[in-house]
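> have a look at this prediction, sequence included:
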Amino acid sequence: MELRQIQYFVAVAEELHFGRAAERLNIGQPAVSQQIRRLERELGADLFDRSRRNIQLTPVGRELLAEGQEILRAVDAFSAKARKAVARESDTFRLGISSALGTRLDYFLDALPRNGSRIRFEFQTLGVQERLEELRSGALDAAFIRGVESVPGLKLLTLWYDPLMVALPAAHPLAEKAALDLHDLADIPLRIADRGQNSVLYDSVLFACREAGFEPLIGPPFTGLQDTLAEIGAGSAGWTLVYPTAVSAVTSRRVAIRKLARFPITMRMSLAVRPDGDQQWTSTLSEACSRVRLQVAEENSVILGELP
């Protein structure tokens, strides 16, 4: 039995006319009649009553029509899903990122299954709000978002958690401690980007300080990590926060990096996606995020273990 025989049978059964069925199938009527006869021989039963002027389905034909239609619907669904999968694999995947991902972006890309995929990645470095707006509008397919627990209208897949570390002058008495209590820093000016530049980080740090029982002293303007670290190393009173990925870039012996033992500040990095997106692809992204999360956890553990 061939699929085309089922197609021909359903077409004739729905039209109740060999000629109209042949036109619908865009083939010659003799070919339709021949395949229907062949199918009837294989089944050992007539599907059509040809003894009248207008053909009719036999009882067997009526019983098999619904099954034939269901088979054709399943074939159509299979074909549509295959086309969608091929289109997805050959599409451009537009990803909104921040400028400080470093090797973490490599981890994410490495975690995605290849399997001959023809996805072309397109990266757009945008501010947080721009990333969210572009994702909601469909201009982006996903976006890296740091430090938030939920975003209305979007789904967040956890990529990793980063424990922030303190950078302070190596000559400061607190640098003698292997780990700091956040409250230890209450009397030292905090160097941090203002809220307009990075509201998520600013709010997270101030919330943690208040939970630790103090209102931080906001120091001189944060002029970028390297400049701020250089000023701290040169003796400017102050402390700032460093992500684990930036620890290796702190090479000055005048700057000490210390972890926070109490009231740690942990920033979550997530991959934001639209909840109405392709569920199979979302599942693939979720699995990739899980692999990245384990890899980053191991990496952060090594970094923390290497600190004095």
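Done, it's in. Numbering: from 1, shown residues only.

> not including adjacent chain positions, what is the nearest residue to residue 230?
Using Cβ to Cβ, 6 or more residues apart in numbering and skipping the chain neighbours, the partner closest in space to residue 230 is residue 252 (7.3 Å). Every C-beta, even on glycine, is put in place using the N, C-alpha and C of the backbone.

> now residue 105
Take residue 105 and drop its neighbours on the chain: the residue closest to it by Cβ to Cβ, 6+ apart is residue 97, 6.5 Å away.

> dig out what the one you found forms beta bridges with.
When bridges are called by DSSP bridges, residue 97 pairs up with residue 125.

> helices of the chain, residue ranges please.
Using DSSP state H, the helices of the chain run over 3-15, 18-25, 29-43, 59-90, 103-111, 128-137, 199-211, 225-233, 279-306.

> out of those helices, which is closest to residue 146?
Minimum separation from residue 146 across the helices of the chain (Cβ to Cβ) falls at helix 199-211, 6.2 Å.

> in that closest one, which residues are buried?
Going by neighbour count (16 or more other Cβ atoms under 10 Å), the buried part of helix 199-211 is 201-202, 204-206, 208-209.

> how many neighbours does residue 36 have?
By other Cβ atoms under 10 Å, 21 other residues sit near residue 36.

> my bad, residue 96
26.

> now residue 61
Counted with other Cβ under 10 Å, residue 61 comes out at 21.

> likewise for residue 126?
For residue 126, using other Cβ under 10 Å, the count is 19.

> check the one 4 residues further on too.
Counted with other Cβ under 10 Å, the neighbours of residue 130 add up to 15.

> spit out the contact partners of the residue nearest to it when sequence neighbours are not counted.
Counting by Cβ to Cβ, 6+ apart, residue 96 is the residue found nearest to residue 130 once chain neighbours are left out, at 7.7 Å. Shown in contact with residue 96 (Cβ atoms under 8 Å, 6 or more residues apart in numbering): 123-126, 130-131, 134-135, 140, 142-144.
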